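1. predicted model follows, preceded by the sequence.
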Amino acid sequence: MTEVMIDTGNYIAAKAAVMCKPDVVAAYPITPQTTLVEGIAKYLATGEYKGEYICVESEHSAMAACIGASATGVRTFTGTSSHGLLLMHEMLHWAALARLPVIMCNINRVVGPGWNIWADENDSISQRDTGWIQFYCSSNQEIFDTIIQSFKLGEHEKISLPVMISYNAFILSHTSMPVFVPNQKDVDAFLPNRAPKWKLDPDNPITFGNIILPAEYEKVRLDMQKSHEYAKKLILEISKEWKQRFGRYHGDLLEFYKCDGADYILLSMGAIGAESKAAIDNLRKEGLKFGLARVRCFRPFPKEEILKLSKKADLIVIDRNISPGMEGALFTEVKASLYDNTDAKVCGFIAGLGGKDVPFGDIEKMCKKVINGKARHIEWFGLEGV
Amino acid sequence: MKKYDVVTTISYPKKGAMGKTGNWRVFRPILDKDKCVKCLRCWIFCPEATITRHKDDSVDIDYVYCKGCGICADVCKVKAIILEREGKKK
Amino acid sequence: MAIKDLPIEECYIPGSAACPGCPATMALRIVYKALGKNTVKIVPACCTAVIESLHPYTSFDIPTMNIAFEAAAAGASGVEAGFRMQGKTDITVVAWAGDGGTYDIGIQALSGALERNTNFIYICYNNEIYSNTGIQRSGATPYGAWTTTTVSGKTEFRKEMGEIIQAHHIPYAAQACIAYPEDLFKKLQKAKIIHGPRYIEIMAPCPPGWRFPMEKTVEMGTMAVETGAWALYEVENDKVTFNGRSKLIMEGKVERKPIEDWIKYQGRFRHLFKPKKDIKRIKAIEDHIDQMWERYRKCYL
Ligand SMILES: Cc1ncc(C[n+]2csc(CCOP(=O)(O)OP(=O)(O)O)c2C)c(N)n1
Ligand code: SF4
Ligand code: SF4
Ligand code: SF4
Ligand SMILES: [Mg+2]
């Protein structure tokens, strides 16, 4: 029987992870991820989690230990945030190039200096090119469901890639919401055991990761790219299967909300994605034809879907991140997806950096500014005259 | 040996993974079996594992891969191995 | 134990990318002989990552996982846990790293794994430099030695890694040297059957790095021990025992040879002899070794 658990994003994530029965968890605490690892430690103490929890001495070691464990063929999980994720950077590449499906939650938090623990997506956005599949969630239920789906996705024989499930600091990590938790048997039926693509095995003495020449290395990269392309299809299938089995659906690569007949489609991620729905409702009430395409999956990037949207509507992008010297990362990617194939206009806003609140009212203001033709190509909401 | 169906840097054991490293040699170790007292020092210290140890503890040199470092000659206390410049005589 | 007693089996396969006269492959052969085939090795960036040879081939006949430079011990913690969760507790997990990956960039992960009681053997082959990247100084480079980053000779003394390791109070730690294969083999055999973190460091004189002729690797190892620049000892649950020649030096039964007997054959110390003998710096090295032995005697005799 499905039960309802009312808890914070982090405890919900711990529950989901434990229900996937990872053999090894290796993690290091950082605010606001701490309650996630504490949750796992609690399940370890009660016996609900039967794997190994390695209390490493840094995030770099957390990822290294997950990589080592994953290379023996077992299932691994970890969680981190902000500076912890940045410290892992080298090992993120390592996991992906090794084709090891480590599954990780990242709680999106501001990067210092200026120590600041609130929501901001620059931490995970700056890991864009590591080869990890990246999801951004906008509710605790979505966190729960996406974690379980991610194990199936990352461990799939045609993928074999690590997956990062990101959600905003405090707005989700420390906010209680009711979440439907399926029973263990149904999760087991959904999630097959991991069948590793390669492993460390004394009966088969391979060497992993030695010197590789350019032509061969390029093939490794091409294969990663192909797996990312395939993941676009598989994410659709997995979301569909999840819906059939558990009755819930958060979208696949994107979540569409009131996009039918929309003149403008808003693209946003994470908590701003959730807040955007309220903004769309209000705008629709005023007769303004707005829709939302919430980007759930940032890597692989749903460029084909976004191009399709642009044939029907102009696009507005809100980024809770900034690539200094350019613009918001989502904005760049959206425009790149449209190149030469559409007449749609695209406006971009930077909002909510440093954890600044982005309430639906502000999102409505951004949208109205675009309709009024007053929005610049890219602007910082609240700082540049909106 | 099982081959894994995955495109990443997985490598399989092979003798001469860098080719026939005997070609690197400038000096060739020459073993005089009559002098050899089977102490096995050359065998244990050869960094390339190119001194073959037989059942009776006699030894031989695998010239296909011997890199000619000369350690075997250096550690042999009875001078049963000497070094000769490659190509000096055939 | 005699050389004869060492097993014939090899897991190092001839024809690798190692330099002629390489101390790392010399040591690896002994490690493989002692630990056997049911071993899995984690290797960070170092010469060994090159010695493995080119993809798609490898010169090692045991499963080997390369990992980032600073991550050997943490990777090993994961590998060990992964095997244990599958009930494969008979596999020996080994991290095999250079002195750079041990003394410097990897010390945090190493200390963490020792503190966590990871059930593995960490082996450091110490060639006293970053060889892979072309001979730069490391925390293990001795005072006065030339490297490409200490052009007039290193101005600091090396770390005492052995003492840092001892502060972790692990069940087994040892110092060995490539010139003493039976001693190394025995230490590995002992380590193999102990549960918990074990640390073995192997003195590994490197011909291109130290600038000596490639046939002299063993002799440079012997002289490191005979001059007392390197000590052979083992630590079993905090009990320290000196071995072989080092035991005799420790007990005052033989004098350690003057340091000059070792360094004058190494090009990395040439500037201490030419154009003029640098008596001051040679004495500084000598004094430092004396202090080390004084400390050893005070603590362990
Ligand atoms: C994070 C990082 N920094 C630097 C390097 C470059 N690097 C590779 S191996 C190496 C030195 C290795 O020295 P050591 O551990 O003593 O092994 P050796 O090469 O002497 O065998 C360095 C600096 C690297 N691979 N990764
Ligand atoms: S070292 Fe010399 S004596 Fe000993 S086995 Fe080798 S060749 Fe024979
Ligand atoms: S010359 Fe060197 S590589 Fe060749 S057999 Fe002797 S010790 Fe081995
Ligand atoms: S540089 Fe030294 S340690 Fe490295 S492969 Fe060459 S001989 Fe061996
Ligand atoms: Mg070194």
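-> Perfect, I can see it now. Fair warning: this is a prediction, and the values are worked out from it, not measured in the lab. Ligands and ions are numbered 1, 2, ... in the order given.
2. okay, CA-based contacts and neighbour counts for the rest of this
-> Will do.
3. tell me which stretches of chain B form helices.
-> Under the criterion DSSP state H, chain B contains helices at B:41-45, B:71-75.
4. what mean pLDDT does the last one get?
-> What it means is helix B:71-75. Here helix B:71-75 scores 98 as its mean pLDDT.
5. the first one now?
-> For helix B:41-45, the mean pLDDT works out to 98.
6. that helix and chain C in contact?
-> Yes. Helix B:41-45 lies within reach of chain C by C-alpha under 8 Å from any C-alpha of the partner chain, at B:41, B:44-45.
7. what lies in contact with that helix?
-> The contact list for helix B:41-45 (C-alpha atoms under 8 Å, 6 or more residues apart in numbering or on different chains) reads B:49-53, B:59, B:71-73, B:75-76, C:3, C:26, C:181, C:218.
8. the longest helix along chain C: how far from the chain's middle?
-> The residue-count maximum for a helix in chain C (DSSP H) belongs to helix C:279-300. Chain-centre distance of helix C:279-300: 20 Å, with C-alpha atoms, centre = their mean, to the nearest Å.
9. would you mark the buried spots in it?
-> In terms of neighbour count (16 or more other C-alpha atoms under 10 Å in any protein chain shown), helix C:279-300 has its buried residues at C:282, C:285-286, C:288-289, C:292-293.
10. A:Leu86 reaches A:Asp123, doesn't it?
-> Yes. Look at A:Leu86 against A:Asp123 with C-alpha atoms under 8 Å: they come within range, at 6.8 Å.
11. looking at those two, which is more packed in?
-> Per other C-alpha atoms under 10 Å in any protein chain shown, whichever of A:Leu86 and A:Asp123 has more neighbours is A:Asp123, with 23 against 19.
12. tell me the pLDDT of the more buried one.
-> For A:Asp123, the pLDDT comes out at 98.
13. which ones are touching the residue of chain B found nearest ligand 5?
-> Closest contact between chain B and ligand 5, by C-alpha to the ion, is at B:Pro47 (16.9 Å). Counting by C-alpha under 8 Å, 6+ apart, B:Pro47 touches C:20-26, C:29.
14. so what's it closest to, chain neighbours aside?
-> Distance criterion C-alpha to C-alpha, 6 or more residues apart in numbering or on different chains; nearest residue to B:Pro47, sequence neighbours excluded, is C:Met26 at 4.3 Å.
15. kindly list the main-chain dihedrals of the one you found?
-> phi -60, psi -50 (degrees, to the nearest 10).
16. now swap in C:Val40 and tell me
-> Per-residue torsions, C:Val40: phi -130, psi 130 (degrees, to the nearest 10).
17. name whatever forms a beta bridge with it.
-> Beta-bridge partners for C:Val40, by DSSP bridges, are C:Val93.
18. any idea how far C:Asp90 is from it?
-> Remark: distance between C:Val40 and C:Asp90 (C-alpha to C-alpha, to the nearest Å) = 11 Å.
19. follow-up on the earlier one: ligand 1: which of the contacts of B:Pro47 is nearest?
-> Of all the contacts of B:Pro47, ligand 1 sits closest to C:Ala24, with 7.6 Å by C-alpha to the nearest ligand atom.
20. list the residues that contact the closest one.
-> B:47, C:48, C:125, C:204.
21. tell me which helix or strand it sits in.
-> With elements taken from DSSP states H and E, the one containing C:Ala24 is helix C:23-35.
22. can you give me the neighbour number for residue 6?
-> Just going to use chain A. 16.
23. wait, chain C
-> Here the number of neighbours of C:Leu6 (other C-alpha under 10 Å) works out to 16.
24. likewise for C:Glu251?
-> Around C:Glu251 there are 12 other residues, counting by other C-alpha under 10 Å.
25. how near is it to C:Glu294?
-> The spacing between C:Glu251 and C:Glu294, counted by C-alpha to C-alpha, is 11 Å.
26. pLDDT on stretch A:259-268, on average?
-> 97.
27. mind checking the end-to-end distance for that stretch?
-> One end of stretch A:259-268 to the other measures 14 Å (C-alpha to C-alpha).
28. the helix holding C:Ala24 near ligand 5 anywhere?
-> No. Using C-alpha under 5 Å from the ion, helix C:23-35 stays clear of ligand 5, coming no nearer than 9.6 Å.
29. quick one: mean pLDDT over that helix.
-> 98.
30. before we move on, back to that, the more surrounded of C:Val40 and C:Asp90?
-> When C:Val40 and C:Asp90 are compared for neighbours, C:Val40 comes out ahead with 26 against 11, by other C-alpha under 10 Å.
31. and the more buried one, how close does it get to B:Thr9?
-> Distance of C:Val40 to B:Thr9, given as C-alpha to C-alpha: 17 Å.
32. what's near enough to touch the residue nearest the centre of chain B?
-> When chain B is reduced to its mean C-alpha position, the closest residue under C-alpha atoms, centre = their mean turns out to be B:Thr50, at 2.2 Å. Residues counted as contacts of B:Thr50 (C-alpha under 8 Å, 6+ apart) are B:43, B:61-63, B:65-66, C:14.
33. A:Phe77 reaches A:Asn106, doesn't it?
-> No. A:Phe77 lies out of contact with A:Asn106 (C-alpha under 8 Å); the separation is 11.3 Å.
34. helix or strand for the nearest residue to C:Asn119 once chain neighbours are set aside, which one?
-> The shortest distance from C:Asn119 to any non-neighbouring residue, by C-alpha to C-alpha, 6+ apart, is to C:Gly196 (4.0 Å). If you go by DSSP H and E, C:Gly196 is not part of any helix or strand.
35. can you report phi and psi for C:Gly196?
-> Backbone torsions for C:Gly196, taken as degrees, to the nearest 10, come to phi 110, psi -170.
36. what residues does chain B put near chain C?
-> By C-alpha under 8 Å from any C-alpha, the residues of chain B that approach chain C are B:9-21, B:39-41, B:44-50, B:53, B:57, B:65-75.
37. now, of those residues, which are buried?
-> Buried residues within the residues of chain B next to chain C, counting neighbours by 16+ other C-alpha under 10 Å: B:9-21, B:39-41, B:44-50, B:53, B:65-75.
38. so the residue of the stretch 51-200 of chain A found nearest ligand 3 versus ligand 2, what's the distance?
-> Per C-alpha to the nearest ligand atom, A:Leu200 is where the stretch 51-200 of chain A lies closest to ligand 3, at 29.9 Å. Distance from A:Leu200 to ligand 2, counting by C-alpha to the nearest ligand atom, to the nearest Å: 36 Å.
39. burial check on that residue, number of neighbours?
-> With other C-alpha under 10 Å as criterion, A:Leu200 counts 26.
40. against B:Ser11, how distant is it?
-> A:Leu200 is 12 Å from B:Ser11, by C-alpha to C-alpha.
41. and the helices in the stretch 251-386 of chain A, which stretches?
-> For the stretch 251-386 of chain A, helices defined by DSSP state H, counting those that start in this stretch occupy the ranges A:270-285, A:303-312, A:329-338, A:360-371.
42. what does the stretch 51-200 of chain C put close to ligand 1?
-> Contact residues (C-alpha under 6 Å from any ligand atom) of the stretch 51-200 of chain C with ligand 1: C:69, C:97-101, C:127, C:129-133.
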